[in-house]
Structure formats: structure tokens, C-alpha cells
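[1] I need the structure of the sequence given here:
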Amino acid sequence: MTVFDEIYKVDTMRLFLRNGVWYVSLKRGHKKSLQTGDKATAQRIFRKLKEEVLTGKIVALDKDKKITLSDFIKEYLTHRENAGMEAGTVHLDTVALGKLKDFLGNKIMNMITTHDIDQFHDKVLSLGCRPTSLNAYIRHLKTAFKTAIRWGYITRNPYEEVKRVAEPDKYDRILSDDELVTLLTAIDDPDFRNYVLWALFTGCRAGDILSLTWQKVTDDDILIWDKKTKTDREVPIIDDFRPIVDRMRQEYKDRVEEPKREQEPGQARKLKQKEKPTKMVFPRWKLVSSVSHMFHKYVVKAGIKPIKLHGCRHTFGSYLAMAGVAQKAIQELLGHKQMSTTERYMHFHPDRIKQEASKLKYAVNLDNLDGGNVIPIKKK
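    Predicted coordinates:
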């Protein structure tokens, strides 16, 4: 048997197996390892490469064009910003890619292997990274390497077969009535207190509140664009929440309708961009990480048990459940596509569980049970 165990001819390209590893060649003396010994995987990569060649994208097969991880990161982040991705998403892209570069160094992109990725994950976990955080990195890095394939910088995605790591089976806890009072009292920043109240009364995700404009707030409802599900939903403004919304809306209107300053003689009035009234409900913050860190600061200040900002969303859903609201209604208010997702919010705070359990009554007087004298309680 020759060194070429098998040859698949597709136009001028060839897919061949050498010493247990699959290669692809475009012309004589020009070959590229696909870094796999699996025939099905090699054929799948080969078909993708053929499509790229047909459209003129043959960078991946050109040995003279090798992009480093550092150069790819710069190009990729610029692309994400130009594509209009949210600032928070680009921030997480930056963090995930930065951590990978710190571990691998400035490695050539097409030399990064699945083994490298596994070692990277083991390292960050050993340094105390939580599984939930690592899964966030995996999510963003998968997208980045998919783009590298589309651009022709690599032929195989080292994240293609990487699975999420197991996370502890627990739910975000919710705030009790006493904790709500303690936390809101501890927040001495009026703007941030309003932000937390919006989270508690709408059940919205942190980023959805930050992107909300006053044009989406009517007298009775708030139109929420859910960035996760890519759908709109309406959240009613209930009576307890209405005074907060009305006061903030009036403050916004006062800023918009503020009398114009008098122009100086012979000089046009120029209003700087930062002086123009913004349409955002919460213009102070752009990143979810900013409000998350502030929330953590006030949780510590309040002296209550740790809880994440996302716990406000869980509190919203759980308090609705404890009030007897239909599960279908809770699903629509939270914007869940699957009822199974809503069921994660159907837990009660431990204090409330005790209150509910205390309602258990049996029609028996147990005071003299030790003396064998069991007396029935007559129902009214």
C-alpha cells in the first residue's frame, strides 16, 4: 500500500489519508492537515473547503497566509463592533478571547487544537473559575472560531465538539419580604434604586432594561424587546409600580422641554451631544456588568445573603407564583418560549414555605395525646 491510503478526487482538490491523518491538497506539493483521523469528519471539512474554493476563499489552504491569535482577535472584535453587536456582548468576547490568548500565547490560529482547548478549560477551572462563567466563555469562543472558519483562517473548529461543563443543580435564590426592604433601604443611589425597582416589577433581564427607551413605555404597558428570544412582549404597569414610572417619565419630559438657552449675539447656539436629553430610561449604564457590580455592592452593604442581579427576575416570577398567578401567564410575562423554563421559577422562598406549611390543620386536639386522650375538634 502506498502512503496515500485513499484518494477522493473532487475537481482539482484531493482528500487523502496519510499515516492515519487526513489531508487535503489543492495543487502539487501543497497540502493541509485536517488534524483528524475520522473519515466522516474529514469529508465534512473537505466539503466546506470545496465551497470556499468555489467562492474564491482559499486562504485556509495557503501556507503563506497564517494569522496569529492576536491578529484574529483584533479583526474579530472590530467586526463584531461594526456588525452592531451589543457592547456587553463585545465585552464578553474580549474577556473570553483575552483569557484564551493569555493561556496559549500568540499562537497561529490553524495550530490551535481541541487538546489546547481542554487544557485551557482545566486551567481556568483550577484557578477558581465557576462553571457558569466557563460556559459563557465556551459560548463566545465557539462563535469566534466559527467566524474564523468562515473567513478561511482555519479548516477545523477546535470548539466544534466541546460540550458545556456541568453546573451545580441549583436555582437563583429570591428575595424575601424583609430582604427586599433591607436591600432597597441600603441603596442610597436614587437612579440605581429605580433600576432595581424596574427589575423587580417587570421581571426583565438586566440588559433588556438598559436598552429600554421612553418611546416603549406607554401609560399602561412597557414594550420589552427580549434580546435573548428576539421577540417583543408587553409587561403591564401595575398600580404599585405606576408612581415610580410616572415620576421618572415626568423627569424625562422636564429635561426634554427645558427652555433653550439664549443665543449670544452673532453666535449660533451649539448643543454638545452630551447635553442633549437621552431617550434611554437608564442612560447612566451601558454594560450589564456595571449594574451587576453595583447590585453586588449593595447586597453586601445590606448584609443579606448573596444574590445575583438576575435574582430580581426570579423574585418577580416566584412572587407571582406564590400569589396564585397561572403558570401560563407567568410564562408570557417572563417571555419564556418553553413552559419547562418557567417551571424553574416556580420555587418558593424558604420563609414563605414555612408560612404555607403552618397552614396545615388537622381536626384533632393533640394537647393530651400523651395521656391517650385524643379529642376531635368540631368543625364550624
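
[2] three-state assignment of residue 16?
    strand (DSSP: H, G, I helix; E, B strand; the rest coil).

[3] from residue 342, how far out is it?
    53 Å (C-beta to C-beta, to the nearest Å). Any C-beta I mention is one placed from the backbone N, CA and C, and that applies to glycine too.

[4] looking at this protein, which helix or strand does the model trust least?
    Every helix and strand of the chain was ranked by mean pLDDT, DSSP states H and E. The lowest is strand 7-10, at a mean of 39.

[5] burial of residue 200, as a residue count?
    20 (other C-beta atoms under 10 Å).

[6] list the buried ones in the host helix or strand of it?
    Per DSSP states H and E: residue 200 is located in helix 190-202. For helix 190-202, the neighbour count (16 or more other C-beta atoms under 10 Å) marks 192-202 as buried.

[7] residues touching the nearest residue to residue 112 once chain neighbours are set aside, list them.
    Leaving out its chain neighbours, the residue that sits closest to residue 112 by C-beta to C-beta, 6 or more residues apart in numbering is residue 158, at 5.3 Å. Residues counted as contacts of residue 158 (C-beta atoms under 8 Å, 6 or more residues apart in numbering) are 112-114, 116-117, 145.

[8] circling back to that earlier point, what's the first helix or strand after the helix holding residue 200?
    Sequence-wise, the next helix or strand downstream of helix 190-202 (DSSP H and E) is helix 206-210.

[9] got a list of contacts for that following helix?
    86, 88, 195, 198-199, 202, 224-227, 280-282, 285-288, 291-292, 309-310.

[10] the residues you listed in helices, which ones?
    Among those, DSSP state H puts 88, 195, 198-199, 202, 288, 291-292 in helices.

[11] and the longest helix along the chain, how far from the chain's centre?
    When the chain is parsed with DSSP H, its longest helix is helix 131-150. Centre-to-centre, helix 131-150 and its host chain are 12 Å apart (C-alpha atoms, centre = their mean, to the nearest Å).

[12] which strands and helices lie in contact with that helix?
    helix 69-82, helix 87-104, helix 114-126 (3 or more C-beta pairs under 8 Å, 6 or more residues apart in numbering; DSSP states H and E).

[13] from the ones you listed, which stretch is densest packed?
    Most buried of the helices and strands packed on helix 131-150, by mean neighbour count (mean count of other C-beta atoms under 10 Å): helix 87-104, with a mean of 17.

[14] now it against helix 114-126, angle please.
    110 degrees (axes from the mean of the first three to the mean of the last three C-alpha atoms, to 10 degrees).

[15] report the distance from helix 87-104 to the chain centre.
    That offset, for helix 87-104, works out to 14 Å (C-alpha atoms, centre = their mean).

[16] can you list the helices and strands that it packs against?
    helix 69-82, helix 114-126, helix 131-150, helix 288-302.

[17] turn the ones you listed into JSON lines, including distance to residue 331 and mean pLDDT.
    Listed next are the helices and strands packed on helix 87-104 as JSON lines, based on distance: least, C-beta to C-beta, whole Å; pLDDT from 0 to 100:
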{"stretch": "helix 69-82", "distance to residue 331": "32", "mean pLDDT": "93"}
{"stretch": "helix 114-126", "distance to residue 331": "34", "mean pLDDT": "93"}
{"stretch": "helix 131-150", "distance to residue 331": "23", "mean pLDDT": "92"}
{"stretch": "helix 288-302", "distance to residue 331": "23", "mean pLDDT": "94"}
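
[18] do you know which of the ones you listed lies nearest residue 46?
    With C-beta to C-beta as the measure, helix 131-150 is the member of these nearest residue 46 (13.2 Å).

[19] shaky segments in the stretch 151-300 of the chain?
    168-172, 258-277 (pLDDT under 70).

[20] quick one, strands of it?
    221-226, 231-236 (DSSP state E, counting those that start in this stretch).

[21] what are the neighbouring residues in contact with residue 20?
    residue 37.

[22] is it true that residue 117 touches residue 162?
    Yes. The criterion here is C-beta atoms under 8 Å, and residue 117 meets it with residue 162 at 6.0 Å.

[23] shared neighbours, the two?
    With C-beta under 8 Å, 6+ apart, residue 117 and residue 162 have no common neighbours.

[24] picking that back up, okay if I get the helices and strands packed on helix 131-150 as a markdown table plus distance to residue 166?
    Shown next, in a markdown table, are those (distance: least, C-beta to C-beta, whole Å):
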| stretch | distance to residue 166 |
| --- | --- |
| helix 69-82 | 28 |
| helix 87-104 | 19 |
| helix 114-126 | 11 |
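
[25] of these, which is nearest residue 185?
    helix 87-104 (29.0 Å).

[26] residue 333: neighbouring residues, count only.
    Around residue 333 there are 21 residues (other C-beta under 10 Å).

[27] which outside residues touch the host helix or strand of it?
    Applying DSSP H and E as the criterion places residue 333 in helix 327-334. Helix 327-334 is contacted from outside by 203, 233, 235, 313, 316-317, 320-321, 339, 341-343, 345-346, using C-beta under 8 Å, 6+ apart.

[28] among the residues you listed, which ones are in helices?
    Using DSSP H, these in helices are 313, 316-317, 320-321, 339, 341-343.

[29] quick check: PyMOL command selecting the buried ones in these.
    Typed into PyMOL, the line below selects the buried ones among the ones in helices among the contacts of helix 327-334, using 16+ other C-beta under 10 Å:
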select buried, resi 313+316+317+320+321+342
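
[30] and which of the ones in helices among the contacts of helix 327-334 is nearest residue 23?
    For the ones in helices among the contacts of helix 327-334, the nearest to residue 23 is residue 341 (44.9 Å; C-beta to C-beta).

[31] show me the contacts for that closest one.
    Neighbours of residue 341 in contact, by C-beta under 8 Å, 6+ apart: residue 331.

[32] that one and residue 311, how far apart?
    Distance from residue 341 to residue 311, by C-beta to C-beta: 16 Å.

[33] what mean pLDDT does the helix holding residue 333 have?
    Averaging pLDDT along helix 327-334 gives 86.
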